[in-house]
Every structure is written in C-alpha cells, then in structure tokens.
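S.K.: Prediction below, plus the sequence it came from.
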There are 2 protein chains.
Amino acid sequence: MKLTPMMQSLVLHFGEMGSRWGLNRTLGQMYAVIVLTEAPLNADQISEALQISRSNVSMGLKELKSWNLIKLQHIPGDRKEYFSAPSDIWEIARTLVVERRKRELDPTLSTLRDALMEQPSNESDEYTQMRVQQMHDLMEMVTLWTNEMQGMSSEKLSALLKLGEGISKLLDVKDKLLLR
Amino acid sequence: MKLTPMMQSLVLHFGEMGSRWGLNRTLGQMYAVIVLTEAPLNADQISEALQISRSNVSMGLKELKSWNLIKLQHIPGDRKEYFSAPSDIWEIARTLVVERRKRELDPTLSTLRDALMEQPSNESDEYTQMRVQQMHDLMEMVTLWTNEMQGMSSEKLSALLKLGEGISKLLDVKDKLLLR
DNA sequence: TACAATTTTCACAAATTACTGAAAATTCAG
DNA sequence: CTGAATTTTCAGTAATTTGTGAAAATTGTA
C-alpha cells in the first residue's frame, strides 16, 4: 500500500506527536494510517505503508487494542485480520480521555490516598499532606468529570464543547437560578 | 536535605508517573519535591534530596521554567536561586493544561490546517480530508475551551469541576431556556 | 574591575526504549 | 486431524533519551 503525499505528511506528523501523547512514534503513525484510511487494514498493509517490520506492527496492534482504539473485523474469504478506527471522532476522543486517565491519573490517585492515610511524622509532613489532599481532590473531580463524559452522546459532548466561552456565562446563570 | 519516608514514596511515585505525563522521571521527582515542600528550594538541596547531579538539576529547572511551573525567588543574604511552586493547586493545573495543549495540540492543529488547504489527489484523499476536518474541529473546540479555562478564577474552575454529573443536567436546562 | 560563588553548557557515558528477524504458537480450511 | 497461513513472542541489536563531570559562562559583591 503506497501512501499519497497528503497521507505521508500526516502520518509523519502523527509519528512525531505520538511520543508526546504517551504512545510512541510507530504507534502514532500506525493509528494515523488506520484513522485516515476508509477501508480496514491488515497488518501487512500497515507494515508496507509505514516501512516497518511485520513484528513491530503486531506489537503496535496489541498496544492499540489495549487502548481500545481499534476495531477488529474480518473480510469474507480472507483469513487475515483487518483493523479500523471508530468512524465517530468523538468516540475516539472519549476513549483517549478515559484511557489516558487510567494511565495518568488512577495510579496517582491511589498513591495520594495512601499518603493521606499515613501518620505525618513532623510538621513538614503535615504540609505535604495538605498539598496531597489538594491534588487528590482536584484529580478526583477530573475523574468524575471524565466518567460523566463517557456517558454523554457525541452530540451532547459536541454541544458542550461548542459552548466555549458560554460555559462561564452558563455557570453564572445557574448560580442566579439557585439564589432565588 | 533528607526526605521523610512519606515524601520519599511520593517522590518515587511522581518519578514513575513523570514519563507518562510528557516529562520524564527526574522532572517528575523534581517537581514533586518542589510542590510538596513548603519552603523554596535551591538546586543543591534538590540535587541532594534526589541524589542526582547538580547539572541534571540545572537542566531540569530549565525545563520546569519553560513549563512555567516554578517561581524563582531570592532569599536575603543568599546568592543562590530558590524555587517554589504556586501555592494554588488550581493555578498549577491551569498551567499544566495550557502547556500540554501548546505541546500536544497546537502543532497538530497547524498540520491539520495545512492538509485541509491541499488539493485532494483522489477519492482516498477526500476521505482523509474529511477525517482531518473532524479532528481539526474537535481540537479547535478543545483549544477554545482551554483558553476559557485560563481566564477563570480558581473558585470558578473548582465550581465547574464540582458540577460533575450536574453538567449534563445544566446543559438540558440551558436548551429548555432557549427553546422558550 | 576582580574574583569567588553559582549556574549553565556540552561531549561523552549510561540507561532505557523501540525494532527486527527467527522461531514458536495459533488459527482455520480442507 | 493436517498443514499452510497468519499472528505472536522474544532475544538480541539499534536508536533514542537521560545523566554526568568538567569546563565555560554568568552573576553579584567587595
């Protein structure tokens, strides 16, 4: 499978970004090619398109599966496995958010809770615990929020994000309503 | 500077997480010790606390400065430079969000725009462009949203996050109000 | 200005992470 | 059940990233 120049440059860019997104170069490139191609792709096609070894593709697919970012499908009369990305970009975004939260927040939340259970050994530990408490509360709110996001339809999510600066005004309105 | 066991374990944890947060182990540890200690710290203290070389600390501080995560201050009668984190945890969160956006979204947004300007070479490129458009729109909304966040006070931000599942209901209410 | 204290830079070394090819394991059509 | 097709694993290697010490640059006081 040969990539068009447009695809080529997008794939290269997503490769660069991959590492900044907690994935890595190859994973970024692989996901780019899967997301940006309409037809489901098999491992050999990805391997050829990106000029990387078949085994590397296998490992990458394993990782993408663990992120729930790809869908496996079969094509009648073909024994190979084909992969595609969700057609709804909001579904991809929701998945990315929840998976990153799992990896970036959940373990920390648990460590922070442990620290809060400990007995402070001196006044310095007391300050530490105070900060830990603040971080914990903040992260817990973010967690609740991302959970909420999981239950929202793409339409609703889109409407929420479109609010943009409106969110600030909406909050004010809410306060007014409750003050009555 | 010797770390208490509580600090020690928190610092180790934030080291582990550092790499998942787009920083790296040392940067995570450094920021943990700065955030969790009340008094401002100088490079030698950090170097000693984390058992890493003075030059490594210097590079780490440079990086933390570029993230706007630390404040430089001077202590009367001492020529050394001392660093501390903002006391408001929400300020730290806001900074993290905007800096990650700069690194993780802005460059991609620009690449996506470039791809949208190009002339599709065939129907496959047309599909690609359609997806690029979707990603672009989504990322632009997120950008607007994070900008909005920058202008919000810690109190308001906290109130917004506390809404939790309330946000969904609030959105419904908003629609009702507008439908009248 | 001179110089000691402090910070920064940078070439190299160490550590970590990613990639490959070969071999093992699995899958499924006949 | 067999065996060819396909996927996965894994040990070794390659590439990248991170950390160090020595030297250079900067800072600020006397």
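M.R.: That came through fine.
S.K.: neighbours around A:Glu126, how many?
M.R.: A:Glu126 has 11 neighbours, counted by other CB atoms under 10 Å in any protein chain shown. C-beta coordinates here come from the backbone N, C-alpha and C atoms, glycine included.
S.K.: which element is it on?
M.R.: helix A:123-151 (DSSP states H and E).
S.K.: So which elements touch that helix?
M.R.: Where contact means 3 or more CB pairs under 8 Å, 6 or more residues apart in numbering or on different chains; DSSP states H and E, helix A:123-151 is packed against helix A:89-104, helix A:106-117, helix B:5-18, helix B:25-36, helix B:89-104, helix B:154-163, helix B:166-179.
S.K.: So A:Gly22 sits against A:Leu96, correct?
M.R.: No - using CB atoms under 8 Å, A:Gly22 is not in contact with A:Leu96, being 9.5 Å away.
S.K.: Quick check on these two: which one has the bigger neighbour count.
M.R.: Taking other CB under 10 Å, A:Gly22 and A:Leu96 do not tie; A:Gly22 has more neighbours (18 against 15).
S.K.: which ones are touching A:His74?
M.R.: Contacts for A:His74 were tallied using CB atoms under 8 Å, 6 or more residues apart in numbering or on different chains; they are A:Glu81, A:Tyr82.
S.K.: Show me the beta-bridge partners of it.
M.R.: With DSSP bridges as the criterion, A:His74 is bridged to A:Glu81.
S.K.: Buried residues in the helix or strand of chain A with the lowest mean pLDDT, which are they?
M.R.: When the helices and strands of chain A are compared on mean pLDDT, DSSP states H and E, helix A:166-179 comes out lowest with a mean of 78. Neighbour counts over helix A:166-179 (16 or more other CB atoms under 10 Å in any protein chain shown) mark A:Ile167, A:Leu170, A:Leu171, A:Lys174 as buried.
S.K.: Same question for stretch A:81-91.
M.R.: Quick answer for stretch A:81-91 (16+ other CB under 10 Å): A:Tyr82, A:Phe83, A:Ser84, A:Ala85, A:Pro86, A:Ile89, A:Trp90.
S.K.: Tell me, what's the model's pLDDT at the closest residue to the first one other than its chain neighbours?
M.R.: So the one you mean is A:Tyr82. Using CB to CB, 6 or more residues apart in numbering or on different chains and skipping residues adjacent in sequence, the residue nearest A:Tyr82 is A:Pro40, 3.6 Å away. What the model reports for A:Pro40 is a pLDDT of 98.
S.K.: Go ahead and confirm A:Pro40 touches A:Ala85.
M.R.: No - checked against CB under 8 Å, the pair A:Pro40 and A:Ala85 is beyond contact range at 9.3 Å.
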